[in-house]
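> Take this sequence and fold it.
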Amino acid sequence: MLSIQRITPFYTSQEDFRLRLVFAYQYFSIFKRGEVFQFIPSEGKEIIINMKSLQVENSGEIFVFQRGNRFIRFPLYQLLIISDLPMYLRTIIERVVNTNAGTSTEVEIPEAIEIIRQFEAANRLRMIDYALETNNILLFNELMEGLQQK
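Take a look at the predicted model:
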């Protein structure tokens with residue numbers, strides 16, 4: 001079995017629901033039979049993950065690793081099966097999701113807040129009219145108390 005020695009995306013981008021992880025020299029290495037093989041971007045160099053299904057989309061991509069003058073070629077689907085790559089991908093995805101969740105801060109726009117207040121006031125007046133039309137005294141009193149508090 002292979003184990004991942006190091007995996008750090010050189011470049012990460014998210015387009016719609018796809019996460020692209022691009023790897024370069026010295027950012028990806030594997031450990032096989034007591035030897036470390038370094039990734040070389042001669043064929044495949046990226047992993048594309050569908051963030052909706054959390055599935056790897058380009059599993060046929062060929063990754064090449066080198067140690068001295070020896071080269072090993074692995075299709076991505078094989079790396080996913082015989083190594084601990086899925087565990088590392090899971091942590092990368094979690095980091096990206098947490099980063100995206102942290103950057104979406106709400107910005108309050110004063111104009112929007114005022115428009116919402118106007119809509120709420122107009123809705124309250126319509127509800128008062130409705131309470132009067134249907135002779136609903138409880139609703140009318142509740143709405144009037146809300147008006148007096150504001």
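> what stretches of the chain score poorly on pLDDT?
In the predicted model of the chain, residues 1, 99-108, 149-150 satisfy pLDDT under 70.
> Nearest the geometric middle of the chain, what residue?
The geometric centre of the chain, computed from its C-alpha atoms, lies nearest to V97 (Cα atoms, centre = their mean), at 3.6 Å.
> and stretch 37-50, how far apart are its ends?
When the termini of stretch 37-50 are compared using Cα to Cα, to the nearest Å, they are 28 Å apart.
> hang on, L79 in a helix?
Yes. The secondary structure assignment for L79 places it in a helix, going by DSSP: H, G, I helix; E, B strand; the rest coil.
> show me where the chain has strands.
3-7, 11-15, 18-22, 28-32, 35-40, 46-50, 55-56, 62-67, 70-75 (DSSP state E).
> Leaving out sequence neighbours, find the closest residue to I49.
Closest residue in space to I49, ignoring its immediate chain neighbours: L19 at 4.5 Å, by Cβ to Cβ, 6 or more residues apart in numbering. Bear in mind the C-beta positions are built from the backbone N, C-alpha and C, glycine included.
> Kindly report the domain assignment for this protein.
What automatic domain parsing lists as the domains of the chain is 3-103, 110-149.
> can you give me phi and psi for the most far-flung residue of the chain relative to its centre?
What lies farthest from the middle of the chain is N135; by Cα atoms, centre = their mean that is 51.7 Å. As for N135, its main-chain torsions (degrees, to the nearest 10) stand at phi 60, psi 40.
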